[in-house]
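**Student:** predicted model and sequence below, questions to follow.
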Amino acid sequence: MEITREDILHLADLSNFSLSEEEITSLGGDLKNIIKYISQLDELNVDGVEPTYQVFEMENIWRKDEILPQDANREELLALAPDSEDYQVKVPKVL
C-alpha cells in the first residue's frame, strides 16, 4: 500500500494536527514502516488456529433483582433537596 502526501494530510486533518513539510515527509516514512511491519502478519500460517476473542474467561454474574427495605422514606429524601414540588425534586430549566 502506497502512502501518499494526501493520505498524510487527510490523517492530520482528522487528527486536527498541523504539520510542517519536514513532519509530513517523516510521518510518511514512519507510516510505511509501520504498515510493512504489520503486513508481516499476512505471512503467518494460521490454518487450524482458532481466533482468540478473550484472553481469559469472562462471564456475566447475574443477581436476582430484589427490592430491599430502606431506612429513608420519600418525605425525608425530598427534604434533602433544595426545592421540590408534587413529590418531585425541582431543578432549573436546562434549555
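**Tutor:** Ah, there it is.

**Student:** packing partners of the helix or strand hosting Asp13?
**Tutor:** Assessed by DSSP states H and E, Asp13 sits inside helix 5-14. On a contact count with 3 or more CB pairs under 8 Å, 6 or more residues apart in numbering; DSSP states H and E, helix 5-14 meets helix 21-39. For every residue, glycine as well, the C-beta is placed using N, CA and C.

**Student:** next one: the helix or strand following the helix it packs on to chain centre, how far?
**Tutor:** On the C-terminal side of helix 21-39, the nearest following helix or strand under DSSP H and E is helix 74-80. Its chain's average C-alpha position is 38 Å from that of helix 74-80, according to CA atoms, centre = their mean, to the nearest Å.

**Student:** what mean pLDDT does helix 74-80 get?
**Tutor:** Mean pLDDT, computed over helix 74-80, is 91.

**Student:** what is the subsequent helix or strand relative to that helix?
**Tutor:** With DSSP H and E, the next secondary element past helix 74-80 is strand 84-85.

**Student:** list the contacts of the helix or strand following that next one.
**Tutor:** Next along the chain after strand 84-85, taking DSSP H and E as the criterion, comes strand 88-89. If you take CB atoms under 8 Å, 6 or more residues apart in numbering as the criterion, strand 88-89 is touched by Leu78, Ala81, Asp83.

**Student:** which among these gets closest to Leu27?
**Tutor:** Ala81 (54.4 Å; CB to CB).
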